[in-house]
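Participant: from the sequence below, what's the structure:
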Amino acid sequence: MAGKRQPGPLFHSEPRQARYDVVVIGSGIGGLTAASLLAKAGRSVLVIERHDRVGGYAHAFRRRKYRFDSAVHLVGGCGSAGTGEPGLVQRVLAASGVADECEFLRVDPFYEACYPDLRLRLPADTEGFVAAHAELFPDRVDELRRIMRLIDHVYDETRRAAENTSAFDLLHASDRFPSLVRYHRATLATVLETTIGEPRLAALLATTWPYVGLPPSQVSFLYWANMVATYLREGPWYCRGTFQKFADALAEGVRRCGGEVLLRSSVRRILTDDGSVRGVVLETGHRVQAERVISNADALQTAEELVGEARFPPRYIRSLRRARPSVSAFVVYAATDMDLERAGVAHESFQFSSWDHDASFASTSAGRPSWISMTVPTMVDASLAPSGQHAIVLTTLMPYAAARVWREDKPRHVERMLAQAEVRVPGLTAHLRFAEGGTPRTMERYTRNTAGAIYGWELTPRQVGLGRLPNVTPIDGLTLAGHWTRPGGGIYGVVLSGVEAACSVLDLPAPESLWQAVGA
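Facilitator: Reported below is the predicted structural model:
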């Protein structure tokens, strides 16, 4: 499946050159996307990563005979939904020359929704998705189709806007983008309340809110709608062998075009002079010259620690400090020899103890989550565990401040989440081979994201799209990529941020120009 590697190491601990066209700080998917595309466009690129592997939240790890994704469960943008058009992820991989480096497996059903008195599997296509809901609520078919048409309009308008121009002022284009303009400040709850007359149906439709980190009453409708439509129209996909393969493929794209990736290497400072980037200084004291730097690191830390707030306009620093970081997560990584296929377990299930999503999020905020998602990637990729066994990932949102000392509280949360999984799969805990927890402190330690934030800034209506940080900064030559910048969090969002960052560095007006520039 993988292409033949050229001689020479991919990863280094010291840069081989004193000067590069572009230095990328952090190897999250946003940074890697920008790096691979820029390398393909002929720029000399250096990626600097403090961890021992690339990927950020998309990195994977091994425990005993099992492989686990640290945080990513699914990705959209890999299918064409019968249109013949490649999805964004496909297009980036092809443009980077590494479409042969990873394989994506279709996930269907999309997910299972579990409530106290209901369990429903949702197909991974629009018609099946509507039909599954309509079977339970046959008198609400018109409302269902109305909300799905609106979701489709949001999807279509968003992609039209992105391809036509990366800096288009949507708020003055209501004739071309009516849904984006009308709902740019709307929450998911607001739209559901005005569209769906049945509260339980509205709650069921909103089941995937944990994917965007906020309940329906707080999350951006536009961001949620784009996520759902991407999965239903382009398909939900899992990367064979974990999403580390996806990150590695992008890093391979950098290498194939002569770029470099440093691992276990940190940036101490971004060098600037007279308002312009001049390069970076590594923790070792090594200086690297570059007139373009892309930071995939925490946006506030980039400004305050790597550049220095005195070099930014005060208004810019104030805007960073006013923005609200997203919640973090607590994750249980476990393995079982139980026959989960016989138990009817899906790749992904959301397990709620209440129909009230605000109450569920309130339990999260209080540090005692009453819900979990359960991901069993071995349902689509059996290679992640020995034959007859399964890898399981239990996830719930959790604020960093929920524990004073996470090391002490970790066992209690692991036990609580396993008990919640037992409700869906009776007998599971008796068949566990092992289980260990990852806390918000774990997220912070590996990514250095403020308080272990897993979506960058919160995905509220005021903090997505044009309300989020632009990828350009007041420092000439300093560009941002990743979930702190536009359009927002999630794999699809950060891939798009990397595309936009590459466009900015190449001074291209829109992604379509980028594909032409790299010969895709």
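
Participant: residue furthest from the geometric center of the protein?
Facilitator: Using C-alpha atoms, centre = their mean, the residue of the chain lying farthest from its centre is D139. It sits 35.9 Å away.

Participant: surely that residue is in a helix?
Facilitator: Yes: the assignment for D139 (DSSP: H, G, I helix; E, B strand; the rest coil) places it in a helix.

Participant: how about the contacts made by it?
Facilitator: If a contact means C-beta atoms under 8 Å, 6 or more residues apart in numbering, then D139 has no contacts. The C-beta positions use only the backbone N, C-alpha and C, and glycine is treated the same way.

Participant: in whichever strand or helix holds A229, what counts as buried?
Facilitator: Assigned by DSSP states H and E, A229 belongs to helix 221-234. Buried residues in helix 221-234, defined by neighbour count with 16 or more other C-beta atoms under 10 Å: 221-234.

Participant: for stretch 321-332, same thing?
Facilitator: Those would be A323, P325, S326, V327, S328, A329, F330, V331, V332, for stretch 321-332 by 16+ other C-beta under 10 Å.

Participant: gap between the first one and E458?
Facilitator: Using C-beta to C-beta, to the nearest Å, A323 is found at 8 Å from E458.

Participant: ok, the third one next?
Facilitator: Between S326 and E458 the distance, using C-beta to C-beta, works out to 5 Å.

Participant: the fourth one too?
Facilitator: Using C-beta to C-beta, one gets 8 Å for the distance from V327 to E458.

Participant: okay, and the common contacts of the two?
Facilitator: Common contacts of V327 and E458, defined by C-beta under 8 Å, 6+ apart, comprise G213, L214.

Participant: where in the stretch 51-200 of the chain is pLDDT low?
Facilitator: Scanning the stretch 51-200 of the chain for pLDDT under 70 picks out 79-84, 163-172.

Participant: do the same with the chain
Facilitator: In the chain, residues with pLDDT under 70: 1-13, 79-84, 163-172, 520.

Participant: mind splitting it into its structural domains?
Facilitator: With domains defined by automatic domain parsing, the chain comprises 11-104+240-320+469-517, 127-232, 325-447.

Participant: before we move on, back to that, could I get the buried residues of stretch 321-332 as a markdown table with secondary structure and distance to L205?
Facilitator: Formatted as a markdown table, the buried residues of stretch 321-332 follow (DSSP: H, G, I helix; E, B strand; the rest coil; distance: C-beta to C-beta, whole Å):
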| residue | secondary structure | distance to L205 |
| --- | --- | --- |
| A323 | coil | 28 |
| P325 | strand | 27 |
| S326 | coil | 22 |
| V327 | coil | 22 |
| S328 | strand | 26 |
| A329 | strand | 23 |
| F330 | strand | 26 |
| V331 | strand | 26 |
| V332 | strand | 27 |
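
Participant: which member of those residues is positioned nearest R407?
Facilitator: F330 (13.0 Å; C-beta to C-beta).

Participant: who's the closest one bridged to?
Facilitator: T396 (DSSP bridges).

Participant: mind listing what's buried along stretch 285-302?
Facilitator: 288, 290-302.

Participant: can you check which residues contact both of S326 and E458?
Facilitator: With C-beta under 8 Å, 6+ apart as the test, S326 and E458 both reach G213, L214.

Participant: filter the buried residues of stretch 285-302 down to the ones in helices?
Facilitator: A299, L300, Q301 (DSSP state H).

Participant: where along the stretch 251-400 of the chain do the helices fall?
Facilitator: 299-301, 314-322, 357-365 (DSSP state H, counting those that start in this stretch).

Participant: closest one to P116 among those?
Facilitator: Using C-beta to C-beta, the nearest of the helices of the stretch 251-400 of the chain to P116 is helix 357-365, at 12.0 Å.

Participant: can you show me the strands along the stretch 251-400 of the chain?
Facilitator: All strands of the stretch 251-400 of the chain, identified by DSSP state E, counting those that start in this stretch, fall at 260-262, 267-273, 276-282, 287-289, 293-295, 328-336, 348-352, 371-375, 390-398.

Participant: picking up where we left off before, quick one: which two of the buried residues of helix 221-234 are the most distant?
Facilitator: F221 and E234 (19.6 Å).

Participant: contacts for stretch 264-283?
Facilitator: By C-beta under 8 Å, 6+ apart, stretch 264-283 touches 13-14, 19, 23, 25, 48-52, 284-285, 287-293, 295, 297, 302, 306-308, 311, 474-478.

Participant: would you work out how far apart the start and end of that stretch are?
Facilitator: 10 Å (C-alpha to C-alpha, to the nearest Å).

Participant: in that stretch, what's buried?
Facilitator: Within stretch 264-283, the residues scored as buried using 16+ other C-beta under 10 Å are S265, S266, V267, I270, L271, T272, V277, R278, G279, V280, L282.

Participant: stretch 505-518 now?
Facilitator: In stretch 505-518, counting by 16+ other C-beta under 10 Å, buried: V505, L506, L508, A510, P511, L514, W515, A517, V518.

Participant: isn't the first one right up against I294?
Facilitator: Yes: the pair V505 / I294 is scored as a contact, 7.0 Å apart, by C-beta atoms under 8 Å.

Participant: common neighbours of those two, please.
Facilitator: Any residue near both V505 and I294 by C-beta under 8 Å, 6+ apart counts here, and that gives V22, A34, T479.

Participant: for the first one, list each beta-bridge partner.
Facilitator: Pointing back at V22 there. V45.

Participant: what about the nearest residue to S217 once chain neighbours are set aside, distance to A206?
Facilitator: Nearest non-adjacent residue to S217, counting by C-beta to C-beta, 6 or more residues apart in numbering: A189, 4.3 Å away. Applying C-beta to C-beta, the value for A189 to A206 is 8 Å.

Participant: quick check: neighbours shared by the two?
Facilitator: Common neighbours of A189 and A206 (C-beta under 8 Å, 6+ apart) are P215, P216.
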